[in-house]
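Novice: This is a predicted model, with the sequence first.
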Amino acid sequence: MTVKDEILGNKIYIFNIVCMCLVWMSASFGYYLIGYDLKYIKGNKYTNGIVSSSSECVAFMTAGVLLDKVGIKKTLVLSYIIGLIGMFMLIVTPKDIS
């Protein structure tokens, strides 16, 4: 039995691969979308970029601490909840904020 047959023959492996691909696509889409939308935010685009990069560094450190303290499953659930709240806030917030 080859590695390909072993992977494709196991439904748990297929499910995990599909989940991994969905997480990767959503994370990549969100990551690059933030940088793209950053140019449309009012204010100095360089200051906005510094703030965005700083918040990203804080998020990486926080995720590392959470991962160590509570485990990967709870950390991923919390990150998706925060992402959903942020997405909802982007939808309901008016675009003409000064």
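Specialist: Right, received. Where do you want to start?
Novice: Who are the packing partners of the helix or strand of the chain with the lowest mean pLDDT?
Specialist: Ranked by mean pLDDT, DSSP states H and E, the weakest helix or strand in the chain is helix 3-8, scoring a mean of 78. Judged by 3 or more CB pairs under 8 Å, 6 or more residues apart in numbering; DSSP states H and E, helix 3-8 is in contact with helix 11-37. C-betas here are computed from N, CA, C, even on glycine.
Novice: Which is the succeeding secondary structure element to the helix it packs on?
Specialist: helix 45-70 (DSSP states H and E).
Novice: between that following helix and helix 11-37, what angle do the directions make?
Specialist: Put simply, helix 45-70 runs at 150 degrees to helix 11-37, going by axes from the mean of the first three to the mean of the last three CA atoms, to 10 degrees.
Novice: what's in contact with stretch 12-28?
Specialist: Outside stretch 12-28, the residues that touch it by CB atoms under 8 Å, 6 or more residues apart in numbering are 6-8, 76.
Novice: one more time with 6 Å
Specialist: Contact partners of stretch 12-28, identified using CB atoms under 6 Å, 6 or more residues apart in numbering, comprise Ile7.
Novice: what's the model's confidence in that stretch, averaged?
Specialist: For stretch 12-28, mean pLDDT is 85.
Novice: Same check on stretch 34-50?
Specialist: Across stretch 34-50, the average pLDDT comes to 80.
Novice: again with stretch 75-85
Specialist: 84.
Novice: With stretch 55-63 instead?
Specialist: For stretch 55-63, mean pLDDT rounds to 87.
Novice: That stretch: how far from the chain's middle?
Specialist: 12 Å (CA atoms, centre = their mean, to the nearest Å).
Novice: export that stretch as CSV, just CAs?
Specialist: The C-alpha trace of stretch 55-63 is given here as CSV (Å, rounded to 0.1, in the frame of the first residue of the first chain):
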residue,chain,number,x,y,z
SER,A,55,-1.3,44.9,16.2
GLU,A,56,-0.3,41.9,14.2
CYS,A,57,2.8,41.4,16.4
VAL,A,58,0.7,41.7,19.5
ALA,A,59,-1.8,39.1,18.0
PHE,A,60,1.1,36.7,17.3
MET,A,61,2.4,37.0,20.8
THR,A,62,-1.0,36.6,22.4
ALA,A,63,-1.8,33.6,20.2
